[in-house]
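Chemist: The amino acid sequence is not available; the structure is as follows:
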């Protein structure tokens, strides 16, 4: 029988072409119909593979060996792109204006497709493997919808794993962290209501623009003066909307932004302080402030045992395991981790010896072709050793 490396090498040219096609045709959250079609095209004729489409609108769930007796392990990839204009001159650059794969989800999908194709050729799998191709990670909470629509059931999934391209790590390195890896991510809206009027007579108005400006500044005290220096909070106001003309003080101004925390206690206390600071700052200027905080993504907490298992897999693959610290970005893989043991690892994508590499969500970022084989290998070994060395061996 061919070795795992030989099987991956055989699939690699087609996988590179797949990623290029996905990169050229990016689709935003819940629009991933062409991406899903390409995934199905790659998997539909594999032996022992069952496909389910239209999960959470555009998601694809593939199960290999659903009738096997052992416990089911799942591997997940996200499919959506971002509303960013690509600035590169690559021959496979985005053909869709204002959209690109600036977070590397084209690479995530490609690695998981490759793993499914390789694993379908192995006869020594003791249980089912579920491949979750998820829509709408970038703000659409596709992970929550996939869980709600039964992706972890029938057969019951006992653990789930994922990887994310990581530009701070070199190719050949894999970042690991048990516990909280990524922050909770919640959307913040503050509606500031005053009393509008002529811009030449501010004494006859209650200026919501001035009030909103002071609220923005006051909210920064939540980080600098209300949070333990050893903890982490981000409160970012990213949008300010108000006014219709340069000689009219508007009646209302809207602030929008994000709140990021690394613990439930800090998350709740930060919410309370935002409401209090906004209301009292507005009152000081004779205005009112209504605060709405949408319950967004929870913290992504990697299961300790699942992460220990991934540490062993990284070593077996010949990669360098690197401990990493939490980051304030959000990830809806967190919804899976709330249900069952889960672990996301950071796959190094920066070329060795290259000091700088574009960061996630930048208009020149990409998941490099050179990292595909490593991602496939990591997924394959995670699944095939699960029943002898991982959580499935319990």
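Modeler: Structure received. For clarity, every value in this text was computed on a predicted model and none was experimentally measured. Numbering: from 1, shown residues only.
Chemist: What is the subsequent helix or strand relative to the helix or strand that contains residue 336?
Modeler: Element membership of residue 336, judged by DSSP states H and E, is helix 334-337. Tracing the chain C-terminally past helix 334-337 and defining elements by DSSP H and E, one meets strand 342-350 next.
Chemist: Now do that following strand: which elements does it pack against?
Modeler: Using 3 or more Cβ pairs under 8 Å, 6 or more residues apart in numbering; DSSP states H and E, the elements in contact with strand 342-350 are strand 157-170, strand 173-176, strand 300-302, helix 304-316, helix 372-384. All C-beta atoms are positioned from the backbone trio N, CA, C, and that covers glycine.
Chemist: that's a strand at residue 54, yeah?
Modeler: Yes. Secondary structure of residue 54 (DSSP: H, G, I helix; E, B strand; the rest coil): part of a strand.
Chemist: All the helices of the stretch 201-350 of the chain, in order from the start?
Modeler: All helices of the stretch 201-350 of the chain, identified by DSSP state H, counting those that start in this stretch, fall at 208-219, 221-224, 264-284, 304-316, 334-337.
Chemist: For residue 140, which of these is the nearest?
Modeler: The minimum distance between residue 140 and the helices of the stretch 201-350 of the chain falls on helix 334-337, with 11.7 Å, by Cβ to Cβ.
Chemist: and that closest one, how far out from the chain's middle?
Modeler: The chain centroid and the centroid of helix 334-337 are separated by 11 Å under Cα atoms, centre = their mean, to the nearest Å.
Chemist: who's in contact with the residue nearest to the spatial centre of the chain?
Modeler: When Cα atoms, centre = their mean is applied to the chain, the residue found nearest the centroid is residue 331 (3.4 Å). By Cβ atoms under 8 Å, 6 or more residues apart in numbering, the residues touching residue 331 are 137, 164, 181, 182, 297, 300, 344.
Chemist: try residue 128
Modeler: 63, 64, 65, 66, 67, 68, 70, 72, 73, 155 are the contacts of residue 128 under Cβ under 8 Å, 6+ apart.
Chemist: Report the two of those residues separated the most.
Modeler: Across the contacts of residue 128 (Cβ to Cβ), the longest gap, 15.3 Å, separates 67 and 73.
Chemist: Of the two, which one has the most company?
Modeler: The neighbour comparison of residue 67 against residue 73 (other Cβ atoms under 10 Å) goes to residue 73, with 24 against 9.
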